[in-house]
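*Asks:* One predicted model, sequence on top.
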Amino acid sequence: MDDSFKSFSQRISRVNRRRQKMNNNGVVRKVGKDGLISAYPRRRMPSFPFRGIVILVMAAFMYKAVMFAWLGAVTYGDRVEALAQGTIVEQVGAWILQADPATVTVGNIIKPLLPLA
């Protein structure tokens with residue numbers, strides 16, 4: 001009798017946890033292949049937008065590579081040097097925009113693809 005009561009108690013606690021999640025996060029209802037409507041707790045999304053940050057960093061890197069390819073190494077370097085002589089914000093921008101090996105490599109790859117480059 002103890003085993004059946006323990007099993008029943010575990011099932012009850014599992015149902016209560018699931019119900020508490022549905023009360024806190026909301027409910028998603030889905031219709032199965034057999035026509036049965038089932039309720040599931042809504043999954044919480046991560047609070048920090050990692051995907052958006054990665055997309056933003058990749059877009060900034062591609063911008064940097066395109067500008068390197070478009071302007072050429074000498075002109076790009078001159079403009080970054082001029083930016084480094086400015087205010088603190090401009091110096092931070094110059095540090096971010098300096099030509100690293102990855103930027104040079106990607107810039108050289110996409111240079112033939114750019115018009116009037």
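*Replies:* Right, received. Where do you want to start? Everything quoted here is computed from the prediction, not taken from an experiment.
*Asks:* so who does the residue positioned nearest the centre of the chain touch?
*Replies:* Taking CA atoms, centre = their mean, the centroid of the chain lies closest to residue 51, which sits 1.2 Å from it. By CB atoms under 8 Å, 6 or more residues apart in numbering, the contact list for residue 51 is empty. Where C-beta positions appear, they are placed from N, C-alpha and C, glycine not excepted.
*Asks:* so where does it fall, helix or strand?
*Replies:* Applying DSSP states H and E as the criterion places residue 51 in helix 50-71.
*Asks:* Send me that helix as CSV with only the CA atoms.
*Replies:* Only the C-alpha atoms of helix 50-71 are listed here, as CSV (Å, rounded to 0.1, in the frame of the first residue of the first chain):
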residue,chain,number,x,y,z
PHE,A,50,21.4,36.8,-27.1
ARG,A,51,20.2,36.3,-30.7
GLY,A,52,19.7,40.0,-31.3
ILE,A,53,23.1,40.9,-29.8
VAL,A,54,24.8,38.3,-32.1
ILE,A,55,23.0,39.6,-35.1
LEU,A,56,24.0,43.2,-34.2
VAL,A,57,27.7,42.3,-33.8
MET,A,58,27.7,40.4,-37.1
ALA,A,59,26.1,43.3,-38.9
ALA,A,60,28.6,45.7,-37.5
PHE,A,61,31.5,43.4,-38.5
MET,A,62,30.1,43.1,-42.1
TYR,A,63,29.7,46.9,-42.3
LYS,A,64,33.4,47.2,-41.2
ALA,A,65,34.5,44.7,-43.8
VAL,A,66,32.4,46.4,-46.6
MET,A,67,33.9,49.8,-45.8
PHE,A,68,37.4,48.3,-45.8
ALA,A,69,36.8,46.8,-49.2
TRP,A,70,35.1,49.9,-50.6
LEU,A,71,37.7,52.5,-49.4
